[in-house]
Every structure is written in C-alpha cells, then in structure tokens.
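>>> model this:
(one chain, ligands or ions: 2)
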Amino acid sequence: MHTYQVQSGKKITLKDWDPADLSLWDKGKKEGIKETEKLVKELQVLQEKIYAQQKHRILVVIQGMDTSGKDGAIRHVFGLLNPQGVFVKNFKVPTAVEIAHDYLWRVHAHVPGNGEIVLFNRSHYEDVLVVRVHNLVPRTVWQKRYDHINQFERMLADEGTTLFKFFLHISKDEQKERLQARLDDPLKHWKFNVGDLEERKVWDEYTTAYNHVLSRTSTEWAPWIIVPSNRKWYRNLVIAKILVEKLGKMDIKFPDPQSDLKDIKID
Ligand code: AMP
Ligand code: MG
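Ligands and ions are numbered 1, 2, ... in the order given. Modelled structure (predicted):
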C-alpha cells in the first residue's frame, strides 16, 4: 500500500500529516517537474487505451481547502490528455433544482461511462464538509451520509468504476501565501473570492470535518490518498505517480482488431 493512502478504518488526524512532506522524491524541484512530465506521457498512453478499450470507468475525486490546488492539479496532471475521453465536473453551490433532490442525485449523473475518465473538482464530499461546517442541514441528516457515500462508491466500484480520491493537504500558512498571491497578481484577481476569507476563519472546523471524512470514507474499494500539497510540483508528481502505478496494474490495453488485418488490401 502507498504511504499516502489511508488504510480503511484508520483514524486520521491531519495535524499528524505533514503538508510539506517530500519523502517520495529526493532529487529536488527541477528533476521532479521532469519526472512529472514523463509520468504525464505515460498517462496519455494509458488514457488512449482506456478510451479505445471502452471497458474501464475512471473516477478521480479531488478535494481540498480553498487554494489547495484543485484547479492546478487538474491542469497540470490531466491537461494534456485527450479531451474526447476526459471530462471535468465542478461541483458548486447546488442550484434550486439540485437542492430539491437528494445530495447524490447531481453527482450520480456525472459518473464516468465506459472508456471515460471523469474528474470531480469538489464532489459529494461537500455534503459532509461545507454542509457540516455551516450547519446547512441538521447533524442527524449529515451524520448518515458517510454510510451512504461508502455504499454509493461501493456500488460504483462493483459496477466497474475505479475510484481515486485525492485530498490536497496544505497548511494554513501556505493558504495565507496563496491568498496573498491572488491579491498581488492582477492575473489572479479573478480567483480571489472574498468568501474564502470567511472560510479561512473556520479552518479548524474544516480540518475536523476532513478528519472525519478521511477516517470514515477510506475504503478498500475507494481509498483516500492524502497528497502533501504545500509544494505544487510535488503535488502534481504524487498524483501522476499514483495514477500511473495503479492504472498500470489494471487490464488496460488496446482492443483486438475487428478482423484479421493482415489480409486486407486497400485498392
Ligand atoms: P469553487 O470550487 O472555488 O469554485 O467554489 C465552489 C463553492 O461551492 C465552494 O465554496 C463550495 O463549498 C460550494 N459547494 C460545493 N458543493 C456544495 C454543496 N453541496 N453545498 C453547499 N456548497 C457547496
Ligand atoms: Mg474557491
């Protein structure tokens, strides 16, 4: 099992996990970026096969505090894949129609079909994170959701979906720097959300909510991976490495040609 993978049933306290850990790579940033480029090329080949084979369904859930790098990870790790077979779904504040349904309704509609990789930028986990922190529904309601989520993901896995769940772990100090960078750089102003400052005030409540998520929903069929994300290049490297390793062990290959091609002659 991978060092960053959360063992099923293990109680997680994020303060014991170093967001600046670099233990999978000791050759520094420059070489690390090169390694990620290599891994992304391998990922491209794997994705082409997944798309051609039309068999596997890959769901990648990305969670993390504001500024933890969800958008950056999507751009850097998945940005060079073939958009025909890769879809990104962002989960925002639910719309009126979404909120009029159970919380998994909007999620299930976007899970991958055969040959597809779907990236969830935020996910059903918001329904036990922001919802819990801000009391958007009573405790008696959100408390039951951990079990629902485990069963929902189990159903997806039983039906042929492979799940990856990455939690991008940053420190509160790192968040401060990233928010400041958004203020300082005019090209990043669009990303500065005053609401993020309110969320920062309840950092500890979010940490508690994440501790519960990581402790209660890391299962054999859908384990969490805690990605040390204080350094962006290392975050990308870890995600790419884990994907390539795990996908590499699956039965991913080009399908056999429809017929014997060697006798075909094109006039
Ligand atoms: P961003 O990812 O920065 O574009 O922001 C999306 C916002 O939507 C975040 O503030 C989330 O907390 C919020 N959000 C996502 N899912 C839910 C949900 N189920 N209930 C309430 N807010 C949500
Ligand atoms: Mg945001």
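
>>> if I look at the residue in the chain that ligand 1 sits nearest to, how far off is Asn236?
Proximity of the chain to ligand 1 (Cβ to the nearest ligand atom) peaks at Glu126, 3.4 Å away. (Glycine included, C-beta is placed from N, CA and C.) Using Cβ to Cβ, to the nearest Å, we find Glu126 at a distance of 23 Å from Asn236.

>>> Spit out the contact partners of the nearest residue to Val86 once chain neighbours are set aside.
Once flanking residues are discounted, Val86 sits nearest to Ile117: 4.8 Å by Cβ to Cβ, 6 or more residues apart in numbering. Ile117 makes contact with 47, 50, 58, 60, 78, 81, 85-87, according to Cβ atoms under 8 Å, 6 or more residues apart in numbering.

>>> Going by neighbour count, which of these comes out on top?
Neighbour counts for the contacts of Ile117 (other Cβ atoms under 10 Å) peak at Ile50, which has 27 neighbours.

>>> Can you give me every residue that contacts that residue?
The neighbourhood of Ile50, defined by Cβ under 8 Å, 6+ apart, consists of 56, 58, 85, 115-117, 247, 252.

>>> Do you know the pLDDT at the residue of the chain closest to ligand 1?
Glu126 is assigned 98 on the pLDDT scale.

>>> next one: the one 5 residues further on
Note for Val131: predicted pLDDT of 98.

>>> Wasn't it part of a strand?
No. According to DSSP: H, G, I helix; E, B strand; the rest coil, Val131 belongs to no strand; its state is helix.

>>> Surely it is in contact with Pro138?
No. Val131 is beyond contact range of Pro138, at 10.2 Å (criterion: Cβ atoms under 8 Å).

>>> The two: who's more crowded?
Val131 (18 against 8).

>>> Grab the nearest non-local neighbour of the residue of the chain closest to ligand 1.
Distance criterion Cβ to Cβ, 6+ apart; nearest residue to Glu126, sequence neighbours excluded, is Phe91 at 6.1 Å.

>>> Surely that neighbour and Tyr103 touch.
No. Applying Cβ under 8 Å as the test, Phe91 and Tyr103 come out as separate, 10.2 Å apart.

>>> Between those two, which contacts overlap?
Common contacts of Phe91 and Tyr103 (Cβ under 8 Å, 6+ apart): His124.

>>> residue nearest the centroid of the chain?
Ile62 (2.3 Å; Cα atoms, centre = their mean).

>>> Assumed that residue was part of a strand.
Yes. Counting by three-state DSSP, Ile62 is found in a strand.

>>> tell me the contacts of it?
70, 73-74, 119-123, 166, 168.

>>> go with 7 Å
70, 73-74, 119-121, 166, 168 (Cβ atoms under 7 Å, 6 or more residues apart in numbering).

>>> Just give the number of residues close to Thr217.
Using other Cβ under 10 Å: Thr217 sits among 22 other residues.

>>> next one: phi and psi at it?
phi -130, psi 20 (degrees, to the nearest 10).

>>> With the one 5 residues further on instead?
Note on Ala222: backbone dihedrals following degrees, to the nearest 10 are phi -150, psi 70.

>>> list the contacts for it?
If you count contacts by Cβ under 7 Å, 6+ apart, then Ala222 has 153, 157, 163, 165 around it.

>>> Lovely, talk soon.
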